[in-house]
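Enquirer: return a 3D structure for these sequence lines:
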Amino acid sequence: MPSRMAMAVIVVSLMKTLRGRCAQCRRADVNAWRRCIPCLLAGATAAAIGKRCGFVELHRSAAACANEIMGKWTSGYRRRHREDSRERSAGCSDTKRPRYERYQHRLRRIERRQQHIAESCSPGLDGTRGTVMQACCNISSHRDAIARKQPPSGRCCAFARTTVSRPMLAYCEPQGVAMQLPWSVRITVICLLALSASMHVRAAQVPIAQGADGYRLLVDGAPFVIKAAGLGNGSMETLAARGGNAFRTLHVDADPQRQRALLDRAQRNGLKVAVGIEVGNQRHGFDYDDAAAVKQQLQHILAQVRQSAAHPAVLLWVVGNALNLDDSNPKVWNAVGEIAEAIHAIDPDHPVTTTLAGFDKHLIDQLKTRAPAPDLVAVQLSGDIAALPQKLRDSEWRGAYVVTEWGPTGHRESPATTWGVPIKDDRTHKALLLQQRYRSHIASNTRQGLGAFVFL
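Expert: Below is the predicted model of the structure:
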């Protein structure tokens, strides 16, 4: 996938092409209006890419140019019909009167329809009301221009009919008149916009590669070491400024718009997201012997995956959180395996994992037998991170892993006073402790470890 900087270069190049074409369109050439086709394609494509990548100003600029180009077509269409109307009104005989009246009736119907559209449309990106098919023209100004054999002052926004019915560019003043396009032009515009929409930024490909030097997480072919945090209510901007490259969520937002906004904001800040998927927990009453409930949960999870799988900010999927804290029913791991397989079928570009609150050989054997589909193991050790190397050896886990939760010594692991109150470290000692633990127990294992998410 092209980087965000490469997409910015593409958008700027399209905008330069668009401005160059518009300069050519100002020449009063008979077929100059045809140059609006590449103009519109460049503008619509730049607007789509700019919006997808978060380049707000470029997106608005490109959309405004596309609006102006559409104005050339719509105002020209309206001008031709007005000229035809006057010519027919002046020259039609009694025998042609019914045909002329049908023509007038059709024109009035189009105007009523366009007025209804203009009244019901929401404000556009450029602050005007209506669709991109907004145009303007001044008939008297154009007729005076034809009489003088030169264009009057104003913007190039329409082509008109001359006395010999040849199309030419006309310069006219804006009057805020909106017009319905003919079907041929509408179909062309729809095709162009569909083409530009298909050029959206695709999802990042995040495979786990195994080589002679161990496992590597790749994002679009480039090695990616996870230096992340459990953000909670923290600031993405602060995380990115401190050198972080990802963060973890515990669930998918029930509102698709809020979920999309979170991923968009992460993308703007150059961050990847380990998207947490909430799974029914046995200690909270979920029964994995209930086949109907398990199936319903699977369908709900797949719907959540579909809504975010194509977003370029997604790094990996995290199914459940510390399900082993109460795994009295081992069928929970069968359900995790089914969820992972189903996610792979929908989204083969991103790895899937599940988090374990501590682990041993028995738990790893359960996963290998009942849930082989996850691509890596995610461990949560907090203050017990020093035991990670020994736990990996004891469990005989030879695959890749990521530490999805670690940090300072928790209150359950801290020594307590004689009256039972945990003794907490001060901020200076806590920072030194975090630095020492990361270097000794996380960054030191480069063969299996893909990175970590710190929780403060």
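
Enquirer: where does the closest residue to residue 371 other than its chain neighbours land in three-state SS?
Expert: Nearest non-adjacent residue to residue 371, counting by Cβ to Cβ, 6 or more residues apart in numbering: residue 337, 3.4 Å away. For every residue, glycine as well, the C-beta is placed using N, CA and C. Under DSSP: H, G, I helix; E, B strand; the rest coil, the three-state class of residue 337 is helix.

Enquirer: OK, contacts around residue 337?
Expert: Residue 337 is in contact with 370, 371, 372, 373, 374, counting by Cβ atoms under 8 Å, 6 or more residues apart in numbering.

Enquirer: so what's the first one closest to, chain neighbours aside?
Expert: Spatially, and ignoring its direct neighbours in sequence, residue 370 is nearest to residue 333 (3.9 Å; Cβ to Cβ, 6+ apart).

Enquirer: quick one: the one you found from residue 272, how far?
Expert: 27 Å (Cβ to Cβ, to the nearest Å).

Enquirer: same question for residue 451.
Expert: Note on residue 451: its distance to residue 272, by Cβ to Cβ, is 10 Å.

Enquirer: so which helix or strand takes in residue 257?
Expert: helix 256-268 (DSSP states H and E).

Enquirer: now that helix: buried residues?
Expert: Under the neighbour-count criterion of 16 or more other Cβ atoms under 10 Å, helix 256-268 has 259, 262, 263, 264, 266, 267, 268 buried.

Enquirer: mean confidence (pLDDT) on the next helix or strand after it, please.
Expert: Per DSSP H and E, the first helix or strand lying C-terminal to helix 256-268 is strand 272-277. Mean pLDDT, computed over strand 272-277, is 96.

Enquirer: toward the C-terminus, what is the element adjacent to strand 272-277?
Expert: Next along the chain from strand 272-277, counting by DSSP H and E, comes helix 291-308.

Enquirer: name the helices or strands packed onto that next one?
Expert: helix 256-268, strand 272-277, strand 314-319, helix 331-346 (3 or more Cβ pairs under 8 Å, 6 or more residues apart in numbering; DSSP states H and E).

Enquirer: run through who's touching the first one.
Expert: By Cβ under 8 Å, 6+ apart, the list of residues contacting helix 256-268 from outside reads 4, 53-54, 236, 247, 249, 252-253, 272-273, 307-308, 311-314.

Enquirer: could you measure the closest residue to residue 438 other than its chain neighbours against residue 400, distance?
Expert: Spatial nearest neighbour of residue 438, excluding adjacent residues (Cβ to Cβ, 6+ apart): residue 452 at 7.3 Å. Distance of residue 452 to residue 400, computed by Cβ to Cβ: 13 Å.

Enquirer: what segments of this structure are helices?
Expert: 4-25, 36-53, 56-91, 97-120, 139-148, 183-197, 236-241, 256-268, 291-308, 331-346, 361-370, 388-395, 427-437 (DSSP state H).

Enquirer: any idea which of these scores lowest on pLDDT?
Expert: helix 139-148 (a mean of 39).

Enquirer: any regions of the stretch 351-456 of the chain where pLDDT drops low?
Expert: Flagging of the stretch 351-456 of the chain using pLDDT under 70 yields the residue ranges 410-413.

Enquirer: which other residues reach stretch 394-403?
Expert: Residues outside stretch 394-403 that contact it (Cβ under 8 Å, 6+ apart): 208, 210, 215, 217, 226, 353, 359-361, 363-364, 375-381, 385, 388, 392, 442, 448-453.

Enquirer: please read the previous query as pertaining to stretch 342-350.
Expert: For stretch 342-350, contacts defined as Cβ under 8 Å, 6+ apart pick out 203-207, 298, 301-302, 305-306, 309, 314-317, 319, 352, 373.

Enquirer: repeat for stretch 236-254
Expert: Taking Cβ under 8 Å, 6+ apart as the rule, stretch 236-254 contacts 224, 226-231, 259, 262, 265-266, 269-278, 304, 307-308, 315, 318, 321, 404, 451, 453.

Enquirer: show me what contacts residue 278?
Expert: By Cβ under 8 Å, 6+ apart, residue 278 lies in contact with 250, 251, 252, 320, 321.

Enquirer: for the fourth one, which residues are in contact?
Expert: With contact set as Cβ under 8 Å, 6+ apart, residue 320 has these partners: 277, 278, 279, 281, 336, 354, 355.

Enquirer: go again using 10 Å as the cut-off
Expert: Listed by Cβ atoms under 10 Å, 6 or more residues apart in numbering, the contact partners of residue 320 are 276-281, 301, 332-333, 335-336, 339, 353-356, 378.

Enquirer: now residue 353
Expert: Contacts of residue 353 by Cβ under 10 Å, 6+ apart are 274, 316-320, 336, 340, 374-379, 400-402, 404, 450.

Enquirer: 6 Å instead, please
Expert: 318, 374, 376, 378 (Cβ atoms under 6 Å, 6 or more residues apart in numbering).

Enquirer: out of those, flag the one nearest to residue 436.
Expert: Here the nearest of those to residue 436, counting by Cβ to Cβ, is residue 378; it sits at 22.8 Å.

Enquirer: so what's that closest one up against?
Expert: Residue 378 neighbours (Cβ under 6 Å, 6+ apart): 353, 355, 402, 404.

Enquirer: same list (these) but as JSON lines, adding distance to residue 287.
Expert: What follows is the contacts of residue 378, written out as JSON lines (distance: Cβ to Cβ, whole Å):
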{"residue": "353", "distance to residue 287": "24"}
{"residue": "355", "distance to residue 287": "21"}
{"residue": "402", "distance to residue 287": "30"}
{"residue": "404", "distance to residue 287": "26"}
